[in-house]
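> Need the 3D shape of this:
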Amino acid sequence: MIITFTDQSTNKPTSWQWDFGDGGTSAQPNPTHTFRSTNDSQTVTLSVANAYGADAKTKTTIINIGKACSHRKYTDPRDGKIYAVADIGSQTWMTQNLNYVTENSWTYNNDPANGDAYGRLYTWEAARAACPRGWRLPSDEDWRTLEIALGMSKSEAIDDGWCGDDQGKQMKSINGWHNDGNGTDSSGFNALPGGYRYSSGSFDNLGAYGYWWSSTKYRDSRDWFLRLHYDHDQVGRYHYNKAFGFSVRCIKD
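All right, here's what the predicted structure looks like:
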């Protein structure tokens with residue numbers, strides 16, 4: 001797996017030393033490295049220095065190499081559509097948004113080509129029943145398990161709002177996000193920004209935002225969902241009106 005690293009250090013460092021944990025190193029600020037290990041994770045350390053001193057940061061479980069690379073295909077028997085599938089941590093996910101036609105689901109701007117690229121947008125009630133047999137709409141706990149597998153702390157994973165540090169960047173696809181807001185897809189999740197549909201019937205934010213339903217209720221007319229934005233590397237956890245149209249990503253039972 002080829003990963004591009006980006007230095008986000010402050011105070012204008014003048015030298016860099018990356019240790020990729022597999023014998024590889026680099027003195028570039030934003031290097032690219034090829035991992036050939038079959039381990040589930042890798043430890044990477046960056047040391048930076050300027051005229052005033054030096055500092056280092058070590059990151060673990062940031063790159064789920066072995067399992068994220070175990071891509072395979074699943075054919076939905078209901079309509080014959082084929083989805084990529086990957087093991088991430090202890091879970092098995094479809095790595096494409098669902099594009100199965102149900103009542104109360106739509107393609108963005110009602111254009112079928114957007115369904116092929118980004119999947120359909122479902123109300124919460126439609127999303128609960130949309131995944132094929134043997135798969136399910138992920139619960140809020142399922143989403144948190146994924147985030148923790150990508151290095152987020154348990155305490156952060158239960159917070160509302162933006163959580164973690166770069167877990168969203170690990171989940172986002174390597175292209176397709178506005179204003180160079182692409183991710184590394186080092187998780188193998190391949191999140192694409194499918195936008196959303198208002199309950200009024202209009203659509204917004206294709207290419208900028210991706211919102212995915214959780215099966216977990218919040219209260220009354222609102223339910224939990226996960227969000228990724230082009231301008232955030234973090235993962236958003238919040239609740240919203242269940243009549244809105246959000247994407248669906250299925251997890252295996």
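> what's C131 in contact with, if anything?
98, 137, 248, 250 (CB atoms under 8 Å, 6 or more residues apart in numbering). From N, CA and C alone the C-beta is placed, and that goes for glycine too.
> For those, give me JSON lines that also has neighbour count and distance to T216.
Shown next, in JSON lines, are the contacts of C131 (neighbours: other CB atoms under 10 Å; distance: CB to CB, whole Å):
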{"residue": "L98", "neighbour count": "25", "distance to T216": "18"}
{"residue": "L137", "neighbour count": "22", "distance to T216": "9"}
{"residue": "V248", "neighbour count": "26", "distance to T216": "14"}
{"residue": "C250", "neighbour count": "25", "distance to T216": "15"}
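> residue ranges for the helices of the stretch 101-250 of the chain, please.
Shown for the stretch 101-250 of the chain, the helices assigned by DSSP state H, counting those that start in this stretch span residues 112-118, 124-128, 140-149, 154-157, 167-171.
> between these, which one is nearest to N11?
Comparing the helices of the stretch 101-250 of the chain against N11 with CB to CB, the closest turns out to be helix 167-171 (22.1 Å).
> who does the closest one touch, helix- and strand-wise?
In this structure, helix 167-171 packs against strand 222-229, strand 235-241, with contacts taken as 3 or more CB pairs under 8 Å, 6 or more residues apart in numbering; DSSP states H and E.
> Quick check: which of these is buried the most?
A comparison of the helices and strands packed on helix 167-171 by mean neighbour count, using mean count of other CB atoms under 10 Å, puts strand 222-229 on top with a mean of 22.
> so which of the helices of the stretch 101-250 of the chain is the most packed in?
Per residue and on average, the most neighbours among the helices of the stretch 101-250 of the chain fall to helix 167-171, with a mean of 26 (mean count of other CB under 10 Å).
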